[in-house]
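> Sequence plus the predicted model coming up.
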Protein chains: 2
Amino acid sequence: MSEQLIHHIRKNVAIQVDDELSILSYFRPMHISKKENLLEAGQLCTSHYFVLKGCLRLFFLNEKGTEQTTQFAIENWWLTDYMAFQHNQRTDFTIQAVEPTAVLAIDFQRQEQLLIQFPVMERYFRLIYQRAYAASQLRTKYLYDFSREELYHHFAKSYPEFTQRVPQYLLASFLGFTPEYLSEIRKKRS
Amino acid sequence: MSEQLIHHIRKNVAIQVDDELSILSYFRPMHISKKENLLEAGQLCTSHYFVLKGCLRLFFLNEKGTEQTTQFAIENWWLTDYMAFQHNQRTDFTIQAVEPTAVLAIDFQRQEQLLIQFPVMERYFRLIYQRAYAASQLRTKYLYDFSREELYHHFAKSYPEFTQRVPQYLLASFLGFTPEYLSEIRKKRS
DNA sequence: CGGATCGTTGATCAACTTCAACGGTCGTGG
DNA sequence: CCACGACCGTTGAAGTTGATCAACGATCCG
């Protein structure tokens, strides 16, 4: 299953066949079951995760004590708390599996070594971060532009399969409103 | 003034003194006055900007026709509409100077050439994007965690000098509420 | 000096939350 | 394999947060 990461790297940069195993050796394969946590609030955020199969979510506890999901990651997405990861700090976030999930994990120091041994991986991660930042910039625009109701319809139209894939209360949280309000929105258009 | 970019690059990666001028030759220095636009909605987004001095803002027109600011960039920050920049598309955003501003501009193709001629710049931009993405992830958390009023107090406390530097109606727009509401918030605590 | 721009104030209104209660369904243990 | 409990989605009433609109004062700049 790990050839999936190699495939993803190859879609972005040219690597030597001889280097494939060496690159993969930097990563730890992990399997976690539904509702299991990869990272918990209060811990040091040491790892960066690549999703091979399944779905992760990133959430924190807001002041009311409810879980606020801010990101999902499905197949071929990278995820971590980047601020904590870069600075080797404790995180406020929890990373939890929404489904049974397989990931490749790499620690910060190992990632640094990987980048030194294979400078082409600098380009790979440059592209990954550039795209992630662009997506984030666009998402911020949506958050400012759309009402919560419009946000839901826009999301459901853009990612119909994903909208079915996750429970409604997680989707509501991700879109920034309550499950009750999502119910109301859905009632209107059916 | 362009040595400022070299200084910024050096803070992140090691470059040869001999390469400095060659690197700088990829960039176009530009000076724009207050309220002048570097990029306008509807245009192709061809350039990436590094702020040497002054302040830029990124905004779009929402459905009500009001300017919605989503980002500022001050000294030593990079800015563009990254989605449009990467895909050579038209942008929905306008980039405008909040103050008289000096920038270095680089076009997409030139940036690609720069990265090929100086692979160490892959690492530089990887770090830039990684940090920008981390900041964006944190900002998203704040947007979900804080009420508009808390958002203002948190921002004013974190960036007191910047809060003074820009007009209130731009700050209100950036924080996602109306100038009238900002007035009300300020009244409460004075 | 004069006009445009910016910040303020107060009244009314809309979007969304909160809380409590109910019904369906899913999965787990007996 | 069935029954029970926990979890999830829905409904409706009442409450908040922040928007809208209009009007006024202050300030800045030409």
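Looks like it came in fine.
> Remind me what the helix or strand in which residue A:104 is found packs against, helices and strands.
Assigned by DSSP states H and E, residue A:104 belongs to strand A:101-107. Applying 3 or more Cβ pairs under 8 Å, 6 or more residues apart in numbering or on different chains; DSSP states H and E, one finds that strand A:101-107 contacts strand A:28-32, strand A:47-53. To be clear about C-beta, it is placed using only N, CA and C from the backbone, and glycine gets the same treatment.
> Would you mind writing the CA trace of the following helix or strand past the last one as CSV?
Taking DSSP H and E as the definition, the helix or strand that follows strand A:47-53 towards the C-terminus is strand A:56-61. C-alpha atoms of strand A:56-61 as CSV (Å, rounded to 0.1, in the frame of the first residue of the first chain):
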residue,chain,number,x,y,z
LEU,A,56,-8.8,11.8,9.6
ARG,A,57,-10.2,14.9,11.2
LEU,A,58,-8.4,17.6,13.2
PHE,A,59,-10.4,19.2,16.0
PHE,A,60,-10.0,21.1,19.2
LEU,A,61,-12.2,21.7,22.2
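> Tell me which residues are up against strand A:56-61.
Strand A:56-61 is contacted from outside by A:38, A:41, A:49, A:67-73, A:79, A:81, A:92-98, A:101, A:103, A:170, A:173-174, B:141, B:145, using Cβ atoms under 8 Å, 6 or more residues apart in numbering or on different chains.
> and the angle for the longest helix along chain A with strand B:56-61?
In chain A, assigned by DSSP state H, the helix with the most residues is helix A:120-145. Per axes from the mean of the first three to the mean of the last three Cα atoms, to 10 degrees, the angle that helix A:120-145 makes with strand B:56-61 is 50 degrees.
> on that earlier part again, residue B:22: which of the helices and strands packed on strand A:101-107 is closest?
For these, the distance to residue B:22 is smallest for strand A:47-53, at 33.4 Å, taking Cβ to Cβ.
> Remind me what the closest one packs against, helices and strands.
helix A:3-10, strand A:37-39, strand A:78-79, strand A:101-107, helix A:108-117.
> closest to residue B:160 out of the ones you listed?
helix A:108-117 (32.1 Å).
> That closest one: which residues count as buried?
With burial defined by 16 or more other Cβ atoms under 10 Å in any protein chain shown, the residues of helix A:108-117 counted as buried are A:108, A:110, A:111, A:114, A:115.
> Could you do stretch A:86-100 as well?
Neighbour-count burial for stretch A:86-100 flags A:86, A:91, A:92, A:93, A:94, A:95, A:96, A:97, A:98 (criterion: 16+ other Cβ under 10 Å).
> Having no further points to raise, I will conclude here.
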